[in-house]
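# Provided below are the primary sequence and the corresponding predicted coordinates.
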Amino acid sequence: MRSTCILVLAAGFLSAAGAARAEETPQKYDPRAAFAETDTNHDAVVDRQEFDVRIIEVFYRADVNKDGFLSAEEIARLTFPDDMKNADSNGDGRISLHEFERVRELDFETADRNKDGVLSVEEVIAVYEVKANK
């Protein structure tokens, strides 16, 4: 299964710890910490499998009411909620895991500047900084 995160991971992507729980005050997103959490085998890169696992975790953490979808309120709590503006492909007013993964896959592709199929911390931070400065 191909998914995305950076950051986006990371920020998204790794977007990564990009979602805050409803009962928590959103904390400042730290792309380095998100990268470290996502790089589960500690090889200094995030591969697709690690990324996909992280994206699923982010989705289910963001799904506060545990209905299997992200509502507008849940999306608003994401690190980069604007990433999801066009994610609702079926127009039902909520974002499914599949729709979320599709958006994050694009994040992975964007972040992987050297097209080697993995994300370095530098690639993740670069994408995060672009998104944060929009």
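Perfect, thanks for sending it.

# just the strands in this protein please.
Along the chain, the stretches classed as strands by DSSP state E are 6-13, 69-70, 95-96.

# quick one: low-confidence parts of the protein?
Along the chain, the model assigns pLDDT under 70 to residues 1-27.

# just the helices in it please.
31-38, 48-62, 72-76, 97-111, 121-132 (DSSP state H).

# mind listing what's buried in the first one?
For helix 31-38, burial by neighbour count (16 or more other Cβ atoms under 10 Å) applies to 31, 34-38. (C-beta placed from N, C-alpha, C; glycine too.)

# Using a markdown table, lay out these together with distance to Leu70.
Below are the buried residues of helix 31-38 laid out as a markdown table (distance: Cβ to Cβ, whole Å):
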| residue | distance to Leu70 |
| --- | --- |
| Pro31 | 21 |
| Ala34 | 18 |
| Phe35 | 23 |
| Ala36 | 25 |
| Glu37 | 20 |
| Thr38 | 20 |
